[in-house]
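A.B. asks: sequence and predicted structure below; questions after.
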Amino acid sequence: MKKPAAWHLDPKSPVDVFETLSGDQTPGLDVDEKDARKVTDELRDELVDLQERLFAGHDRRLLVVLQAMDTGGKDGAIRRVFSGVNPAGVRVVRFEAPTKAELARDYLWRVHAQVPASGEIVIFNRSHYEDVLVVRVNELVPANVWQRRYEHIRAFEKLLADEGTSIVKFYLHIDRDEQKERLQARLDDPEKNWKFDAHDLEQRKRWPQYMHAFRDAIVETDRPHAPWFVIPANRKWYRDYAIMRILVDTLGKLDLEYPKADFDPKTVRID
Ligand code: AMP
Ligand code: MG
């Protein structure tokens, strides 16, 4: 399957992906929703197998970073992509506004503490990128402070990669109108009321600033060892398919083998 251009933002490309991208797009996919769902299910079987190998081999690690605007589908994507994967080897870490103890340290302190151990897949639901997104847009620190963070983040991710962690970063892109519908659903549906957060309305007002901040963060930190993928995410079935496809490709490239026994199993007798 050809790799769709819109998934990967080339920092040298003059085209600003946020000006051309619509959350409705389905790049790289020439099948309809029904077939895409089928392919996603098949890919999930592969993901389950690859994760088992990663877990058994205990020498590689995978970090998945998920970022999006509020209602962008991070939780749904995690639920659907990882359902059926052995929970013993997968951990989801949610980064909320930092606590007092976290604020008393550098912003990567709480992040580094949560990176995957050998054999593990860790999914960051929000991440250190909030420190150049929400923090920048809301002016929580002066500009010169968040500006130098790109360099820290590049160095941090290089360190992780050098030490054996594979990294993939997803930005789930929904349109502003789609966000409106999803927020409205949180008001209209009593079973979704719990998800409604008035804070999201404040952030929604700063949509263009967020798009700018996302674009800069992606361009500044997109590296071969820590690539960003921009996923149009209005259509949940496409979002899930795209994430699944990229995860399976990423793990597939690691040539994960089950560890060879250092003894001859045929010589062992169980009474
Ligand atoms: P939610 O993901 O809906 O539980 O919301 C978590 C909230 O925490 C979001 O509003 C984030 O923007 C906020 N948040 C996460 N990380 C940071 C950070 N480093 N600084 C400030 N706010 C943050
Ligand atoms: Mg929220």
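C.D. replies: Arrived safely, thanks for sending. Ligands and ions are numbered 1, 2, ... in the order given.
A.B. asks: ok, which stretches of this protein are strands?
C.D. replies: Counting by DSSP state E, the chain has these strands, from start to end: 61-68, 90-94, 121-125, 165-173, 228-232.
A.B. asks: the last one pairs with which strands?
C.D. replies: If you go by DSSP bridges, strand 228-232 pairs up with strand 165-173 (parallel).
A.B. asks: also the third one?
C.D. replies: Counting by DSSP bridges, the strands paired with strand 121-125 are strand 61-68 (parallel), strand 90-94 (parallel).
A.B. asks: and the stretch 101-250 of the chain, which residues reach ligand 1?
C.D. replies: Taking Cβ under 6 Å from any ligand atom as the criterion, the neighbours of ligand 1 within the stretch 101-250 of the chain are 126, 130, 131, 134, 135, 197, 199. From N, CA and C alone the C-beta is placed, and that goes for glycine too.
A.B. asks: out of those residues, who has the most neighbours?
C.D. replies: Most neighbours among these, by other Cβ atoms under 10 Å: residue 131, with 23 neighbours.
A.B. asks: for the nearest residue to residue 36 once chain neighbours are set aside, give me the pLDDT.
C.D. replies: In space, not counting the residues next to it along the chain, residue 36 is nearest to residue 241; the distance is 4.8 Å by Cβ to Cβ, 6 or more residues apart in numbering. On the pLDDT scale, residue 241 is placed at 94.
A.B. asks: now do the contacts for residue 216.
C.D. replies: 132, 150 (Cβ atoms under 8 Å, 6 or more residues apart in numbering).
A.B. asks: relative to ligand 1, how far out is it?
C.D. replies: If you measure residue 216 against ligand 1 using Cβ to the nearest ligand atom, to the nearest Å, the figure is 16 Å.
A.B. asks: which residues touch residue 131?
C.D. replies: With Cβ under 8 Å, 6+ apart as the criterion, the residues that contact residue 131 are 107, 146, 149.
A.B. asks: quick check, nearest of these to ligand 1?
C.D. replies: When the contacts of residue 131 are compared for distance to ligand 1 (Cβ to the nearest ligand atom), residue 107 wins out at 6.2 Å.
A.B. asks: got phi/psi on residue 85?
C.D. replies: Here the main-chain torsion angles of residue 85 (degrees, to the nearest 10) amount to phi -80, psi 140.
A.B. asks: and the one 10 residues further on, by the same measure?
C.D. replies: Note on residue 95: backbone dihedrals following degrees, to the nearest 10 are phi -110, psi 110.
A.B. asks: quickly note the distance from it to ligand 1.
C.D. replies: Counting by Cβ to the nearest ligand atom, the separation of residue 95 from ligand 1 is 5 Å.
A.B. asks: these two touch, right, that residue and residue 126?
C.D. replies: Yes: taking contacts as Cβ atoms under 8 Å, residue 95 lies within contact range of residue 126: 4.2 Å.
A.B. asks: dump the residue contacts of the residue lying closest to residue 96 once chain neighbours are set aside.
C.D. replies: The shortest distance from residue 96 to any non-neighbouring residue, by Cβ to Cβ, 6+ apart, is to residue 126 (7.5 Å). Applying Cβ under 8 Å, 6+ apart, one finds that residue 126 lies in contact with 66, 67, 74, 94, 95, 96.
A.B. asks: if anything else comes up later, I'll come back, but that's it for now.
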